[in-house]
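Chemist: Turn this into a structure:
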Amino acid sequence: MQEPRIIQGGMGVGVSTHLLAGAVSRLGQLGVVSGTVLDQVFVRRLQLGDPTGVVRQALAAFPDQDMAERALAEYYSPGGLPPGSPFRRTPPLTLGPDHQRVELVLLAAFVEIWLAKHGHHGVVGLNLLEKVQLPTLPSLYGAMLAGVDYVLMGAGIPREIPGALDRLAAYEPAVLRIAADGLASGEELTFRFDPREYLTLPSPLVRPKFLPVVSSATLAANLARKSSGRVDGFVVEHYTAGGHNAPPRGGIKLDPLGQPIYGPRDEANLAGLRALGLPFWLGGSYGSPERLAEALAGGAQGIQVGTLFAFCRESGFTDEIKRAVLALVRRGTVTVWTSARFSPTGFPFKVIRMEGSLSEDAVFTARPRLCDLGYLRTPFKKPEGGFGFRCPAEPEQSYVAKGGLPEDTRGRRCLCNNLLAAIGLGQLQSGGYVEPELITSGDDLTGVKQLLDSCPGREMYDAADVLRYLLSTPASPGKTSA
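Modeler: Residues are numbered from 1 along each chain as shown. Just a heads-up that it's a prediction; the model follows:
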């Protein structure tokens, strides 16, 4: 398999959909589906009536039709929900066995990858977050059943994933250690997934390639040496990339706007990456022909690009959000803010400052504080035994009652609900409160402006325009950096 030159970033919740990943894959590059909170995207599409029929089309291809029919019976609403109705909630995943809930995760990953791969022979990847651990193993298995070609994972150190891919491909149980607060020295908390409890096929599955998303050559070397199985390459993200960023090396210091300050130690060591002998792609402000040439000259296989694709026609952001952001780009008034406090994960997180979105302090203050989806909850050991879950974005009183520190809740904002709102799947909460959207983006929107300028008379550009632009002849020779 020839390695791609361009990796389309797996962005947000439902921003990198099967439509976007499939469009990129058809054109010979690596299209990537975002696997974050994908089960909620799946069940909410069904509740809206699956108006295009594609979810049901993919479910009809699933190898266990009884499982597919259970999901349809539970969540499919022909014609969609009545106006003013909230989405039906699914219970958060837990550490214990919950067969029906795990089935939804598995089906959601299968559906999205199957749709992204349908009708062509290109390669497709699945992007997951290390910080969202409980859905990981069933998500991997569902994606592998659909023939996923690559798995990408960041926001942590995913040493156990390569071995899990090996075991799942052979229909063997896989175990993932779960990060938890309050564990004694040597104590472990694990999530076990046995694919044989769900379904198996007559022959082994193809093990996808694994590309960890890292911020440094040091971390890449650590993963290459200490992972539980084969690592096939790396995506090396600069701190200007959208979504979650690695914290600055040496600790977080803030600028006057409350943004983390990065320095020379946070730049990728290309010589160290080349020495590993594995392919790598550079991401974060590499979305131009010139920066692609620079990456290739520095020894990279290519680049990962997110922001240019995030606002193209095929992305999952609502058309209203895309039009609003593109209007700001045209006027040169778009502002991207990196918050050190925003995300419950504790990682810096990038958002576009936009009126009416959760990035605005007034909107955040007016939002009833709640955690009803719980993907970023952290398990903690209870003093009396057993485990509970808490999230710094839940109500402070509840978080503190579970043993959390009040200061950990300051400035933390809900990602699960508000990223779903940005793709048109926001929840109608009690009292008629509609969840506001949250828009993440990389720092550099220069390429977005150039794409808009190259498409006169068109309201929006598409994925093919992005690839045509990136693979065009650079305006000036690339420069090699060491």
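Chemist: drop to CA atoms for contacts and neighbour counts, all remaining ones
Modeler: Fine.
Chemist: Tell me where the stretch 51-200 of the chain has strands.
Modeler: 124-129, 150-154, 174-177, 190-193 (DSSP state E, counting those that start in this stretch).
Chemist: For P395, give me its contacts.
Modeler: Residues in contact with P395 (CA atoms under 8 Å, 6 or more residues apart in numbering) are 369-371.
Chemist: In helices, which of those fall?
Modeler: Using DSSP state H, no member of the contacts of P395 falls within helices.
Chemist: Pull out the buried residues from those.
Modeler: If you count burial by 16 or more other CA atoms under 10 Å, the buried members of the contacts of P395 come out as 370-371.
Chemist: of the contacts of P395, closest to S315?
Modeler: When the contacts of P395 are compared for distance to S315 (CA to CA), C371 wins out at 26.5 Å.
Chemist: Make sure the closest one is actually in contact with C391.
Modeler: Yes - applying CA atoms under 8 Å, one finds C371 in contact with C391, separated by 7.3 Å.
Chemist: Could you point out the helix or strand that follows the helix or strand bottoming out on mean pLDDT in the chain?
Modeler: When the helices and strands of the chain are scored by mean pLDDT, DSSP states H and E, helix 361-366 comes last with a mean of 90. Moving toward the C-terminus from helix 361-366, the next helix or strand (DSSP states H and E) is strand 378-381.
Chemist: Show residues contacting that following strand.
Modeler: Contacts of strand 378-381 (CA under 8 Å, 6+ apart): 179-183, 387-391.
Chemist: and whatever helix or strand comes next after that strand, how far from the chain's centre?
Modeler: Counting by DSSP H and E, the next helix or strand C-terminal to strand 378-381 is strand 387-390. Remark: strand 387-390 is offset 23 Å from the chain centroid, using CA atoms, centre = their mean, to the nearest Å.
Chemist: Strand 387-390: which residues count as buried?
Modeler: For strand 387-390, by 16+ other CA under 10 Å, it's 387-390.
Chemist: Could you do stretch 349-366 as well?
Modeler: Here stretch 349-366 shows 349-354, 357-359, 364 as buried, counting by 16+ other CA under 10 Å.
Chemist: what's the straight distance from one end of it to the other?
Modeler: End-to-end distance for stretch 349-366, by CA to CA, to the nearest Å: 21 Å.
Chemist: Pull the residues that contact that stretch.
Modeler: By CA under 8 Å, 6+ apart, stretch 349-366 touches 242-245, 334-340, 342-343, 413, 418, 436-442.
Chemist: and with 7 Å instead?
Modeler: Residues from elsewhere that reach stretch 349-366, judged by CA atoms under 7 Å, 6 or more residues apart in numbering: 242-245, 335-340, 342-343, 436-442.
Chemist: for stretch 317-328, same thing?
Modeler: With CA under 7 Å, 6+ apart, stretch 317-328 has contacts from 15, 311, 334, 422-424.
Chemist: Okay, and which of the residues you listed map to strands?
Modeler: Secondary structure assignment (DSSP state E) places none of the contacts of stretch 317-328 within strands.
Chemist: Just checking, which of those residues comes out lowest on pLDDT?
Modeler: pLDDT across the contacts of stretch 317-328 is lowest for V334, at 93.
Chemist: mind checking which of the strands of the stretch 51-200 of the chain is nearest S285?
Modeler: Closest among the strands of the stretch 51-200 of the chain, using CA to CA: strand 150-154, at 17.4 Å.
Chemist: For the longest helix anywhere in the chain, list every residue counted as buried.
Modeler: Across the chain, the longest stretch assigned as helix under DSSP H is helix 99-117. Neighbour-count burial for helix 99-117, counted by 16+ other CA under 10 Å, picks out 101-117.
Chemist: In three-state terms, how would T338 be classified?
Modeler: strand (DSSP: H, G, I helix; E, B strand; the rest coil).
Chemist: What separation is there between it and V351?
Modeler: Counting by CA to CA, the gap from T338 to V351 is 7 Å.
Chemist: picking up where we left off before, mark which of the buried residues of stretch 349-366 are part of helices, please.
Modeler: Per DSSP H, the buried residues of stretch 349-366 map to helices at F364.
Chemist: Closest one to Q450 out of the buried residues of stretch 349-366, please.
Modeler: I352 (18.9 Å).
Chemist: Report pLDDT for the closest one.
Modeler: So I352 comes in at 94 (pLDDT).
Chemist: what are the bridge partners for it, then?
Modeler: V336 (DSSP bridges).
Chemist: coming back round to it: so which other helices or strands are in contact with the longest helix of the chain?
Modeler: Identification of packing neighbours for helix 99-117 by 3 or more CA pairs under 7 Å, 6 or more residues apart in numbering; DSSP states H and E yields helix 18-26, helix 38-47, helix 54-60, helix 136-145.
Chemist: would you turn the ones you listed into JSON lines with mean pLDDT and distance to D462?
Modeler: What follows is the helices and strands packed on helix 99-117, written out as JSON lines (pLDDT from 0 to 100; distance: least, CA to CA, whole Å):
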{"stretch": "helix 18-26", "mean pLDDT": "98", "distance to D462": "9"}
{"stretch": "helix 38-47", "mean pLDDT": "98", "distance to D462": "22"}
{"stretch": "helix 54-60", "mean pLDDT": "98", "distance to D462": "21"}
{"stretch": "helix 136-145", "mean pLDDT": "98", "distance to D462": "26"}
